[in-house]
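here are the coordinates; sequence isn't available:
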């Protein structure tokens, strides 16, 4: 068995246990993994404290988790400031840019797993940035 720290597209973090890495990939592909908070099936792995050597103290682990959270927040802040939010039209806009219908620009937004498969089939590269939960959210 292997445990992964997971996050949904709404920023909720949770843990999932799988027989192996392949089992995780197969379940993710079939949308069988859902966030226990909001039932979102768009989930991905995030860095885990389990990957840290056991010789580290709890304080060092906590410091490293805080550093990872800070990096995640900086990435999200950079994307917020430098990418146009196209909302649920992300896939449509990415296709327009790819085929020269719209001017090239940095965009961000939401897409379904089906739309992401279409983008991959069309050769459009994209990546998901974990969305940190609001500071006042209960996670």
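Noted; the coordinates are in hand. None of the values given here were measured: they were computed from a predicted structure. Residues are numbered from 1 along each chain as shown.

C-alpha from now on. contacts and neighbour counts both.
Will do.

and the helices in this protein?
21-29, 58-82, 90-98, 113-121 (DSSP state H).

what's the least confident stretch among those?
Sorting these by mean pLDDT places helix 58-82 lowest, at a mean of 84.

next one: it to chain centre, how far?
Centroid separation for helix 58-82 versus its chain: 14 Å, with Cα atoms, centre = their mean, to the nearest Å.

grab the nearest non-local neighbour of residue 115.
residue 91 (6.1 Å; Cα to Cα, 6 or more residues apart in numbering).

shouldn't that neighbour be in contact with residue 114?
No - using Cα atoms under 8 Å, residue 91 is not in contact with residue 114, being 9.9 Å away.

who's more crowded, those two?
Using other Cα atoms under 10 Å as the criterion, residue 91 and residue 114 rank with residue 91 on top: 23 against 10.

burial count for residue 106?
Residue neighbour count, defined by other Cα under 10 Å, stands at 12 for residue 106.

quick check: it vs residue 85, distance?
Distance, residue 106 to residue 85, by Cα to Cα, to the nearest Å: 9 Å.

residue 78 too?
Residue 78 is 13 Å from residue 85, by Cα to Cα.

more neighbours, those two?
Shown here are residue 78 and residue 85; by other Cα under 10 Å, residue 85 has more neighbours (16 against 11).
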